[in-house]
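> sequence first, predicted model second:
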Amino acid sequence: MAHVALADKEQELAHPKTWIGMYVWSQDHKIIGIQYIITATAVGVVALILSGLMRLQLGFPGVFDFIQPDEYYQAVTMHGMIMIVFMLTAFFLGGFGNVLVPLMCGARDMAFPYMNMLSYWVYLLSVIVVCASFFVPEGPTGAGWTLYPPQAITEGTAGADWGIICMTVSLGLFVVAFTMGGLNYVTTAFQARTRGMTLMRMPLSVWGIIMATILGLLAFPALLVSVIMMTLDKTLDTSFFMPAISSLGENLSHEGGSPILFQHLFWFFGHPEVYIVALPAFGIVSDLISTHARKNIFGYRMMVWAIVAIGGLSFVVWAHHMYVSGMNPYFGFFFATTTLIIAVPTAIKVYNWVLTLWRGNIHLTVPMLFAIGFIFTFIHGGITGLFLGNVVVDVPLSDTYFVVGHFHMVMGVSPFLVVFGGIYHWFPLLTGRMLNDAMGKIHFWLTFLGTYAIYLPMHYIGILGVPRRYYANGTTEFLPDSVQAANLSITIAALIVAAAQFLFLINIFWSLFKGRKSPRNPWRATTIEWQTPDYPPKHGNWGKELPVVHRWAYSYSVPGAKEDFIPQNEPPSQYTRGEGDV
Amino acid sequence: MTATLIVLALIMGGVVFWLIFQTINVQPWAEEGPIGQHHAGGAYSIPAAKIGLVVFLCVAASLFSLFVSAYFQRMDLSDWRPLAEPDILWFNTALLILGSVFFQRARNAVVKNKIEGVRANLLVAGLLTFAFIAGQLWAWQGLQEQGYFLSTNPANSFFYVLTAIHALHMLGGLWVWSTTVFKLQNQIEVYKVRMSVELCTIYWHFLLLVWLGLFALLLST
């Protein structure tokens, strides 16, 4: 054990000597971040394969015998839950949060490294439990990712015995893991910032991650409450959510429970969850755009306050997911209004990204391509969200593919583009090597255009009235034959996009060993994660002395400066020209 | 969800209020130099562990408020039959109040560097908490004997769940308490346990408040 400072304070950091101590039971935030990233990617690949199964059935109905209705619904459920909770949330907050928050704040590690390590291992346990449900009798739950009771825990639904128990237990574990991690991210950003790193000098990536963490810390308890109660309904015959009901001709012992209560609790978590995924993406994309356009972010203070406003408002819009469950019209009006209001700070962010690009020195690097791609997909997903926020539009569209297209654009494709952009951007920091540029560009174009080929037609068939969640449409009079043609085309596009993701994984593995050696600070960024004495940074990050921050994170193309960027920790005298030089 | 919204509004209101003072009139693009000279021992003078605890208490407040919201929504349905709370809950409440008082005394002693005072008060506070949990189990036992089982009625279900979740939080606190007591038995210097004692005291006061709120809810419905 050696004494090094966390921020300015003396604190012991664990410096293990063994390989297992350094890379397995590690307390180093960077290693923990990489562990999160690897696990989330692995489970994300599982979810990707499940989406392929769904598309095979929809594109070629009845052709593949191994996809029967139960398997289809299991694939739908597991794809949704894994992607949203175990992949995106874990990747953004556990992965990027761990890697970036201490480095960008100028800290040596997280505030509580041991708890941070525990957070990852409990997260891994939750992933193991959710994946174990593939191997229990009757397989995983097929209740849909929202797990609505009574369906989720009643016989007749796939996985209504062990599958749903695995799901609720894994979600409970995930909440525990997230809470341990989240306490770290917030406390580190609040307390362990280095000298000069005031709140308003923090990069927007940190702002996005921290606000999303605060949302998660306050919203995930709603998921915990709902899964605790549902587990009790399932195992001990309580009636929190279960009404009087017959199953397979038998009256069950439940009575009087409220399925709507579950929906309130679930969506009280579920809507902030959208922003738990979106806010880190907003922050990261702001930094990518500013760095690769060589221009300061437009309206920094507005960007910060937009993140805060979106975070606050995200707690008062949950019932717009429940318009079709029936509610007092005044409530519908209230939630439609709050939903439309949240578009205001969101639009501010979009305008500011575009205005940052305006007359910038745009470098079309791979991270920048993904960042610009995000602006497109997010605008499209966001605008269809405005449609669905209105009760009268939502009611006819709610159970159609329009909604599938909308939420995949806004919280599937958009955050994933930022995940990719972030990986291409920070891969050199963690490995010392660059990712292959050509493979990166092929990956981008296939993903970007491919996702449009998938999700734009879904909006169209949704307006035609194609219901979502159906295993097969059968012969339905109001649906023209072109619907099946569209489904086939969507499936082909989906398979191509899925294949492109494997190209990305190949790029990662290839570049890890054979990639071009990265120069220090290859993107010529201002933020201090690129200014560590060792490159890639070692445990403790900053050597003997913590950095001192002298300016904000967006000093690009400053008139009079020697270069087109000034690192945050560069003392003023080192970059300005003397008066005689002017 | 009104109860939850009130709790979250208070938390988010606090965050926003604090942020306004941090960000108003700040023009980060125009300022240079290592500002933030108050930066000694971290960005703020509050220890990281205390900030971590406060953040955790916000999470716990959210959790309990959600249970309370669910309670209010569920009790509006026709099958709800209010539960007659066992009298022993009054006694348990008194134990928990005393536990908090002794934690406060331990905290005062640790500030004054009086190791004997810390040791004695801490021990009594922990034992009172164990007694509280035993009392809660006793209350469960009494209800079971009268036929008020977990699944008999939603009011019973909520009673068992709320008391169990609260007791689990207490057990988590007792784990930290036990490590602190263990350290004190090893003749450690007082300043080394000061933080643990202070954090435990805050945590116990919080859980006392939560219990008083839950108890009032159970009694009034």
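Received, thanks.

> C-alpha from now on. contacts and neighbour counts both.
Will do.

> what about whatever residue of the stretch 401-550 of chain A ends up closest to chain B, helix or strand, and which?
Chain B sits closest to A:His550 of the stretch 401-550 of chain A, with a gap of 4.2 Å, by Cα to the nearest Cα. Taking DSSP states H and E as the definition, one finds A:His550 inside no helix or strand.

> over to B:Trp175. Which of the three states is it?
Each residue gets one of three states, and B:Trp175 gets helix by DSSP: H, G, I helix; E, B strand; the rest coil.

> correct me if wrong: A:Ala244 contacts A:Ser253.
Yes: here A:Ala244 reaches A:Ser253: they are 7.4 Å apart, a contact under Cα atoms under 8 Å.

> show me where chain B has its helices.
Counting by DSSP state H, chain B has these helices, from start to end: B:2-23, B:48-75, B:88-111, B:115-145, B:154-185, B:191-220.

> ok so, going back, do you know how far the residue of the stretch 401-550 of chain A closest to chain B is from A:Thr526?
If you measure A:His550 against A:Thr526 using Cα to Cα, to the nearest Å, the figure is 11 Å.

> hey, what's in contact with both of these two?
A:Gln568 (Cα atoms under 8 Å, 6 or more residues apart in numbering or on different chains).

> give me the more crowded residue out of the two.
Each of A:His550 and A:Thr526 had its neighbours counted (other Cα atoms under 10 Å in any protein chain shown), and the higher figure belongs to A:Thr526 (26 against 23).

> which residues sit in contact with the spatially closest residue to the more buried one that is not a sequence neighbour?
Distances taken as Cα to Cα, 6 or more residues apart in numbering or on different chains place A:Pro567 nearest to A:Thr526, at 3.9 Å, with adjacent residues excluded. If you count contacts by Cα under 8 Å, 6+ apart, A:Pro567 has them with A:Ala525, A:Thr526, A:Thr527, A:Ile528, A:Gln531, A:Ala553, A:Ser555.

> give me the neighbour count for residue 47.
No chain specified, so I'll use chain A. 24.

> wrong chain, I was asking about chain B
Counted with other Cα under 10 Å, the neighbours of B:Pro47 add up to 16.

> contacts only, for it.
A:Gln191.

> could I get the buried residue list for the worst-scoring helix or strand of chain B on mean pLDDT?
Within chain B, judged by mean pLDDT, DSSP states H and E, the helix or strand with the poorest mean is helix B:2-23; its value is a mean of 86. Burial within helix B:2-23, assessed by neighbour count using 16 or more other Cα atoms under 10 Å in any protein chain shown, is assigned to B:Ala3, B:Thr4, B:Leu5, B:Val7, B:Leu8, B:Ile11, B:Met12, B:Val16, B:Thr23.

> what about the closest residue to the fifth one other than its chain neighbours, neighbour count?
Here the nearest residue to B:Leu8 in space, its sequence neighbours aside, is B:Ser62; by Cα to Cα, 6+ apart that works out to 6.9 Å. Residues near B:Ser62, counting by other Cα under 10 Å, number 25.

> residue at max distance from the center of chain B?
When distances are taken from the C-alpha mean of chain B, B:Ala30 lies farthest, 43.4 Å away, according to Cα atoms, centre = their mean.

> may I have the phi/psi pair for the closest residue to chain B within the stretch 351-500 of chain A?
Distances from the stretch 351-500 of chain A to chain B, computed as Cα to the nearest Cα, single out A:Thr356 as the nearest residue at 14.6 Å. Main-chain dihedrals, A:Thr356, degrees, to the nearest 10: phi -70, psi -40.

> is there proximity between whatever helix or strand A:Ala132 lives in and chain B?
With secondary structure defined by DSSP H and E, A:Ala132 is part of helix A:113-132. No: on the criterion Cα under 8 Å from any Cα of the partner chain, helix A:113-132 is out of touch with chain B, staying 11.1 Å away.

> for the record, mean pLDDT for that helix?
Confidence over helix A:113-132, taken as the mean pLDDT, stands at 96.

> alpha carbons of it, as PDB, please.
Taking only C-alpha atoms (Å, rounded to 0.1, in the frame of the first residue of the first chain), the coordinates of helix A:113-132 have been written out as PDB:
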ATOM      1  CA  PRO A 113     -12.600   2.400  -4.700                       C
ATOM      2  CA  TYR A 114     -13.500  -0.700  -2.800                       C
ATOM      3  CA  MET A 115     -17.200  -0.100  -3.100                       C
ATOM      4  CA  ASN A 116     -16.600   0.700  -6.700                       C
ATOM      5  CA  MET A 117     -15.000  -2.800  -7.200                       C
ATOM      6  CA  LEU A 118     -18.000  -4.400  -5.400                       C
ATOM      7  CA  SER A 119     -20.300  -2.500  -7.700                       C
ATOM      8  CA  TYR A 120     -18.800  -4.200 -10.700                       C
ATOM      9  CA  TRP A 121     -18.900  -7.700  -9.200                       C
ATOM     10  CA  VAL A 122     -22.500  -7.400  -8.100                       C
ATOM     11  CA  TYR A 123     -23.300  -6.100 -11.600                       C
ATOM     12  CA  LEU A 124     -21.600  -9.200 -13.100                       C
ATOM     13  CA  LEU A 125     -23.700 -11.300 -10.800                       C
ATOM     14  CA  SER A 126     -26.800  -9.700 -12.000                       C
ATOM     15  CA  VAL A 127     -25.800 -10.400 -15.600                       C
ATOM     16  CA  ILE A 128     -25.100 -14.000 -14.700                       C
ATOM     17  CA  VAL A 129     -28.500 -14.400 -13.100                       C
ATOM     18  CA  VAL A 130     -30.300 -12.800 -16.000                       C
ATOM     19  CA  CYS A 131     -28.400 -15.000 -18.500                       C
ATOM     20  CA  ALA A 132     -29.000 -18.100 -16.300                       C
END
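
> list the buried ones in it?
Neighbour-count burial for helix A:113-132 flags A:113-127, A:129-132 (criterion: 16+ other Cα under 10 Å).

> now render the helices of chain B as a markdown table, adding distance to A:Leu369.
Formatted as a markdown table, the helices of chain B follow (distance: least, Cα to Cα, whole Å):
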| stretch | distance to A:Leu369 |
| --- | --- |
| helix B:2-23 | 32 |
| helix B:48-75 | 37 |
| helix B:88-111 | 57 |
| helix B:115-145 | 58 |
| helix B:154-185 | 48 |
| helix B:191-220 | 48 |
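
> circling back: any idea how far the least confident helix or strand of chain B is from the middle of the chain?
The gap between where helix B:2-23 is centred and where its chain is centred comes out at 19 Å by Cα atoms, centre = their mean, to the nearest Å.
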